[in-house]
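> Following is a predicted model, sequence given first.
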Amino acid sequence: MNVIRSYVNELRQFAGKRLYGYVLLMLLISVLDMVTLYMLIPLLSLIGVFGGGTGSLPFAQVFEPLRSMPLVTSLAIVLGLYSLLTIIQGFIQRKQSVMGAEIQQGFIKSLRLRVYRSIMRSNWTFFLRKRKSDLSHMLTTELARVSQGTNLVLMLATSILFTVLQIGFAMVLSVKMTLLVLIGGGLLALYSRRFVRKSKAYGDRMTELSQDYFSGIQENLNGIKDIKSNMLEASHFDWFRKMANRLEHNLIQQVRLNSTTQLIYKLISVVFIIGFIVLSVQVFQLQPERSVLIILIFARLWPRFSGIQSYLEYISALIPAFHALSKLQKECEQAEESYRPVAHGEGPTQTLRDGIRCNDVTFHYNEEHEAALKDINLFIPAGQMTAIAGRSGAGKSTLIDLLMGLMEPQQGAVEVDGVRLTGERLLSWRNSIGYVAQEPFLFHSSIRDNLLLVKPDATEDDLWEALEFAACDEFVRRLPEGLDTIIGDRGVRLSGGERQRIVLARAILRKPEVLILDEATSSLDTENEAKVQAALDKLKGHITLIVIAHRLSTIRNADQVVVVDNGQIVQTGEFAQLSRETKGTFHQLLGYQNAAQ
Ligand SMILES: Nc1ncnc2c1ncn2[C@@H]1O[C@H](COP(=O)(O)OP(=O)(O)OP(=O)(O)O)[C@@H](O)[C@H]1O
Ligand SMILES: [Mg+2]
């Protein structure tokens, strides 16, 4: 319950005065409700139900003047007043509902923004630990459950307030009877606690199930090509059916539990009402008008009791969502980047004067696993081209991620111009880097938008210059709508090589200080590779280039080649020098490639 309390506290801070306004309206509605109920009594007595006597009721004098009037007039007055109050109550109720929705939706929006912002501000290590599907699950399903939970808490508060007021009113009418009902209700609530606990267990299960459901679907859709081409549809559908069954079962169990408690409340209410009438007439000998009023109150109050029980059960089922969200928020806070992100093109940049140095860098992805990089000592001089070569899984991409400051090594340090790469410095450093990832990513929008994303003020000429550099101007010109062609998921599909070249154009458009290419030419044919190669050669001496290449022909002109094997640097030197060495990893790599050609 603590976690709910903290969200309700947050809600209070968020809604501020409006929340008190909301509670005030709630009170008003409850009072009006009681007044209209109370007005039934003079009405009934005017018609002659109680033989004309309502004098024993509190505030009965209010109705006295009515007695001296003709029946039609008094009836008209009472009925008119009754309708007026009911109508006013209706309007207030409407206002209150809208206000409740505004508070709830506003709160959820602010929560949504905050969670998303903190996810975005988390560092790369956080994303390495997290499944992407869990994050989207959190932002959709779980956030919706938290929203629903907040709404239920507001409704619960309304119900409790309403109940307390009505009990107060009933106390005025008969203390003994009210106490009797309260004791009954209290015992029932005590007994029903087990249902609340059970409901929470269903909620826990729901969180687990929907998380698995979400990640499963996402995974399957991402791998749909493999599924189709390997005829795995049937087994995946099987998984899906099982999942759907489990979700169905869990929800039905929850509804079953809820309906059972509702049934218990209903059955007991019958016993209560009967016992009540007998008691009020036989034992307490209440006047009939009092009895009617009390019975009316409790007949309306009892559903509130069972409503409170029902809310408690549903809220308990939603607690796991509150927990999950607050856990995620904490994790994000801990993983927050040391700098505030800024809009692209803003913020400081940094000129690389001397170079990047790794001092005894050791990095583990997981504590349990072997280090992905061990004792790396390396200097990457500014303004030169450094190539990183090595077998698959050697640790090349990991090394680059460390150089970009995406992750921090557990031992040793990465220094840029002699200054350790942490804190605020990361911002200016990353702002100076152009990076083409091993799996290039483009957004689902036009080529122009994809390019402008990194440099909103780029001119048409800038764009074409960058495209030309990446040897993709020709193919973009051939596209039906040129730069405005929509690419990505539902737009024009690009081949692996085309995608790589556009991403390269995007990286170069910013005219970065440091250009980092992770296998950026691996999907290119020889002709395009030669073009990109020539362009890169032109950059030599102007910017710092760090290139990972499987194809060793690409790095022939590198000033320095670093060979990584099994997480360690095994060779460093010029291309020509390394290729003359007849031992070592580089010689082997060269051998495989020459054999393949
Ligand atoms: N997110 C991760 N979590 C755990 N281990 C990882 C992760 N990413 C990479 N590794 C491990 O670190 C080692 C180095 O991986 P890395 O991606 O740096 O290799 P690479 O040299 O870039 O290979 P490739 O040429 O295939 O891209 C591998 O053994 C890999 O299993
Ligand atoms: Mg790699």
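Received it, and whenever you're ready, just let me know what you need. Ligands and ions are numbered 1, 2, ... in the order given.

> any idea of the mean pLDDT for stretch 501-510?
Across stretch 501-510, pLDDT averages out at 90.

> Pull the number of nearby residues for the residue in the stretch 151-300 of the chain that ligand 2 sits nearest to.
At 19.0 Å from ligand 2, residue 222 is the closest residue in the stretch 151-300 of the chain, using Cβ to the ion. Placement of C-beta: from N, CA and C, glycine included. Per other Cβ atoms under 10 Å, the neighbour tally for residue 222 reads 12.

> from now on call the first residue 9
That works, and once the first residue is 9, the last one we named lands at residue 230.

> Is the residue nearest to residue 560 when sequence neighbours are not counted within a helix or a strand, and which one?
Leaving aside its chain neighbours, residue 560 sits nearest to residue 601 (5.6 Å; criterion: Cβ to Cβ, 6 or more residues apart in numbering). In the assignment (DSSP states H and E), residue 601 maps to helix 593-604.

> by contact count, what packs against that helix?
strand 393-398, strand 568-573, strand 576-581, helix 583-588 (3 or more Cβ pairs under 8 Å, 6 or more residues apart in numbering; DSSP states H and E).

> let's see 6 Å
strand 568-573 (3 or more Cβ pairs under 6 Å, 6 or more residues apart in numbering; DSSP states H and E).

> Pretty sure residue 167 sits against residue 312.
Yes. Assessed by Cβ atoms under 6 Å, residue 167 is found in contact with residue 312 at 5.4 Å.

> Need the per-residue pLDDT for residue 372.
Confidence score, pLDDT, at residue 372: 93.

> what's near enough to touch it?
By Cβ atoms under 6 Å, 6 or more residues apart in numbering, residue 372 lies in contact with 379, 418.

> what's the spacing between it and residue 513?
35 Å (Cβ to Cβ, to the nearest Å).

> List the buried residues for stretch 227-247?
228, 235, 244 (16 or more other Cβ atoms under 10 Å).

> cool, and stretch 425-441?
Those would be 429, 433-441, for stretch 425-441 by 16+ other Cβ under 10 Å.

> Of those residues, which belong to strands?
The strands, defined by DSSP state E, take in residue 441 from the buried residues of stretch 425-441.

> ok, back up a step: can you report phi and psi for the residue of the stretch 159-308 of the chain closest to ligand 2?
Backbone torsions for residue 230, taken as degrees, to the nearest 10, come to phi -60, psi -30.

> what's the pLDDT at it?
87.

> how close does it get to residue 245?
From residue 230 to residue 245 the distance is 17 Å (Cβ to Cβ).

> Likewise for residue 566?
With Cβ to Cβ as the criterion, residue 566 and residue 245 are 50 Å apart.

> Can you give me the neighbour number for the closest residue to residue 399 other than its chain neighbours?
Of all residues not flanking residue 399 in the chain, residue 573 sits nearest, at 6.5 Å (Cβ to Cβ, 6+ apart). Residue 573 has 19 neighbours, counted by other Cβ under 10 Å.

> surely residue 573 meets residue 402?
Yes. Under the criterion of Cβ under 6 Å, residue 573 makes contact with residue 402 at 5.3 Å.

> Residue 109: how many residues sit nearby?
For residue 109, the neighbour count with other Cβ under 10 Å is 12.

> How about residue 128?
A count of nearby residues for residue 128, using other Cβ under 10 Å, gives 10.

> ditto for residue 110
For residue 110, the tally of surrounding residues (other Cβ under 10 Å) stands at 13.

> quick check, residue 115 in a helix?
Yes. Assessed with DSSP: H, G, I helix; E, B strand; the rest coil, residue 115 lies in a helix.

> Kindly state the pLDDT recorded for it?
Confidence score, pLDDT, at residue 115: 89.

> give me phi/psi at the spatially most central residue of the chain?
Centroid check for the chain by Cα atoms, centre = their mean gives residue 147 as the closest residue, at 2.0 Å. Main-chain dihedrals, residue 147, degrees, to the nearest 10: phi -80, psi -20.

> Give me the residues contacting the helix or strand bottoming out on mean pLDDT in the chain.
Ranked by mean pLDDT, DSSP states H and E, the weakest helix or strand in the chain is helix 72-75, scoring a mean of 74. Residues outside helix 72-75 that contact it (Cβ under 6 Å, 6+ apart) are residue 82.

> Show me what counts as buried in it.
residue 74.

> what do you get for stretch 309-328?
Neighbour-count burial for stretch 309-328 [16+ other Cβ under 10 Å]: 309-310, 312-328.

> circling back to that earlier point, any idea of the pLDDT on the residue nearest to residue 399?
We note a pLDDT of 92 for residue 573 in this prediction.

> need the residues of the protein near ligand 2, please.
405, 446 (Cβ under 5 Å from the ion).

> got a list of what whatever residue of the chain ends up closest to ligand 2 touches?
Of all residues in the chain, the one sitting closest to ligand 2 is residue 405 (3.1 Å; Cβ to the ion). Going by Cβ under 6 Å, 6+ apart, residue 405 touches 446, 526.

> what does residue 226 give?
Contacts of residue 226 (Cβ under 6 Å, 6+ apart): residue 141.

> That one and residue 136, how far apart?
Distance of residue 226 to residue 136, given as Cβ to Cβ: 17 Å.
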